[in-house]
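Chemist: Requesting a structural model of the entry that follows:
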Amino acid sequence: MKEKMKSRSYLASAFGCRCPRCREGKLFKNSVSFRFKKTMEMNKDCPVCGQATEIEVGFYYGTSYVSYALTVAISVATLVAWYVIIGMSTSDNRFFYWLGFNAVFLILLQPWLMRLSRSLWISWFVKYDPYWKEHKPEDVSERMNPDQANNW
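Modeler: A predicted model of the protein is given here:
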């Protein structure tokens, strides 16, 4: 009988930027920093299960929508928290202080939000496989069919 591997939950793997197939391997080569080039550098394949992280050319363009939704959700949350804790008024500029605070907060969160958006995006397209050790990852190379490679 197949033995099911114990793994992280969906949210833990997505927020931890782990491979959606095995939920163990790290999607990114480096930890979060403000050096965007290093922060966004992804492993070509999952170091644990071999799942490709670049599904197709331009695969991660959709992450802009995810990042936008996360940014709106965070902005609404900070607005509600600001309203409850400090209050809201335009006569004494409290609204404009929130705008400034929110802008700085989102800029500081940007490296993390970009990575989280990619992690969520790939997790919606790559299915979790609890028996990944027994299954080979799907071939996603779209550039060249292995059968045609010898004909060139």
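Chemist: How many residues are close by Y128?
Modeler: Residues near Y128, counting by other CB atoms under 10 Å, number 15. Any C-beta I mention is one placed from the backbone N, CA and C, and that applies to glycine too.
Chemist: mind checking pLDDT for the nearest residue to it once chain neighbours are set aside?
Modeler: Nearest residue to Y128, sequence neighbours excluded (CB to CB, 6 or more residues apart in numbering): P20, at 6.0 Å. If you check P20, the pLDDT there is 92.
Chemist: I figured P20 was touching S123, is that so?
Modeler: Yes. If you go by CB atoms under 8 Å, P20 and S123 touch, sitting 4.0 Å apart.
Chemist: Can you pull the residues that touch both of these two?
Modeler: S13, A14 (CB atoms under 8 Å, 6 or more residues apart in numbering).
Chemist: neighbour count winner among the two?
Modeler: Neighbours were counted for P20 and for S123 using other CB under 10 Å; P20 has more, 24 against 21.
Chemist: Look up how far P20 lies from Q51.
Modeler: 8 Å (CB to CB, to the nearest Å).
Chemist: again, but for I86
Modeler: 39 Å.
Chemist: And stretch 91-105, how far out from the chain middle?
Modeler: Relative to the mean C-alpha coordinate of its chain, stretch 91-105 is positioned 28 Å out (CA atoms, centre = their mean, to the nearest Å).
Chemist: how about that stretch: buried residues?
Modeler: W98, N102 (16 or more other CB atoms under 10 Å).
Chemist: Kindly report the same for stretch 49-58.
Modeler: Using 16+ other CB under 10 Å as the test for burial, stretch 49-58 gives C49, Q51, A52, T53, E54, I55.
Chemist: Could you pull up the mean pLDDT of it?
Modeler: Here stretch 49-58 scores 88 as its mean pLDDT.
Chemist: How about the residue in the protein that sits furthest from its center?
Modeler: Most distant residue from the mean C-alpha position of the chain: S91, 39.8 Å away (CA atoms, centre = their mean).
Chemist: secondary structure class for that residue?
Modeler: Under the three-state scheme (DSSP: H, G, I helix; E, B strand; the rest coil), S91 adopts coil.
Chemist: what pLDDT does it get?
Modeler: 82.
Chemist: tell me the contacts of it?
Modeler: By CB under 8 Å, 6+ apart, S91 has no neighbours at all.
Chemist: If anything else comes up later, I'll come back, but that's it for now.
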